[in-house]
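Peer 1: Sequence first, predicted model second:
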Amino acid sequence: MNYEPINWDTVPDVMSKDQFYKLCHISKSTARYLLQTGKVPCQYTGKKTRCYQIRKEDVQTYLRGKGICPELYLPQHTKRKTKFPALTSKELPEKTRKALKGYLLRLMKDCPDVMSGRQVAKLIGYGPTTVHQWCRKGELYYIQSGGSYYIPKVVLIDFICSMRFRTIHRKSQWHIVTMMSFHKEMDAHTKQKEGK
């Protein structure tokens, strides 16, 4: 589907949910999900109709973030595993991938260079069984010693940047918060570049 570029001069500074979903080419339910979960900041007026007020800057931030890492904005309507999970369609651009690796290195600077499976599970918010399954399936490299398995920090960071990790349908709280804060940092960096 071809989209016309958005002329931001014609877009109002504050818009309703209807204007938001039409402008972004998304469904009403997806727009409601994004607003109710806070993925797109808004002001809730409490009215029965036109109860959301969204600033133009927040819509621009959403569209930039969706372009970089669309899986963060996928609606998670169900807790059940779906037969056809929503997947992101592309790898991260190399520049974004390098920035994410640098961000994760700064975030994990106090973590040991090699962590046990339980330490990794506690750090990233997924269960030890899930981490063990990633290791068993060969998705996450590990070193086995006795009955325990250990994961190097650099390998964990590569895994977090991978398509496999990014396409997890039910993301942990750590996963969501980390990716959102990374996008805020990237967005601030982009705005700073545009301002120069």
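Peer 2: Okay, I see it.
Peer 1: how is this protein carved up into domains?
Peer 2: Taking automatic domain parsing as the domain assignment, the ranges for the chain are 14-68, 94-176.
Peer 1: Lys66: neighbouring residues, count only.
Peer 2: Counted with other CB atoms under 10 Å, residues neighbouring Lys66 total 19. All C-beta spots, glycine's among them, are computed from the backbone N, C-alpha and C.
Peer 1: hang on, the earlier thing: got the domains of the chain as CSV, with mean pLDDT and distance to Ala188 columns?
Peer 2: Rendered in CSV, the data for these read as follows (pLDDT from 0 to 100; distance: least, CB to CB, whole Å):
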stretch, mean pLDDT, distance to Ala188
domain 14-68, 85, 10
domain 94-176, 90, 12
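Peer 1: is it possible to export those to TSV including distance to Trp8?
Peer 2: Shown next, in TSV, are the domains of the chain (distance: least, CB to CB, whole Å):
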stretch	distance to Trp8
domain 14-68	7
domain 94-176	23
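Peer 1: Ok, which of the ones you listed comes nearest Asp187?
Peer 2: Asp187 sits nearest to domain 14-68 of all those, at 5.6 Å, using CB to CB.
Peer 1: Relative to Glu57, how far out is Ala31?
Peer 2: Using CB to CB, to the nearest Å, one gets 17 Å for the distance from Ala31 to Glu57.
Peer 1: what do you get for Ile68?
Peer 2: Using CB to CB, one gets 17 Å for the distance from Ile68 to Glu57.
Peer 1: can you tell which of the domains of the chain is closest to His189?
Peer 2: For those, distance to His189 was read as CB to CB. The smallest value, 8.0 Å, belongs to domain 94-176.
Peer 1: what does whichever helix in the chain runs longest contact?
Peer 2: Taking DSSP state H as the assignment, the helix of the chain that covers the most residues is helix 173-195. Outside helix 173-195, the residues that touch it by CB atoms under 8 Å, 6 or more residues apart in numbering are 39, 61, 64-65, 68-69, 72, 96, 99-100, 103-104, 107, 123-126, 165, 168, 171.
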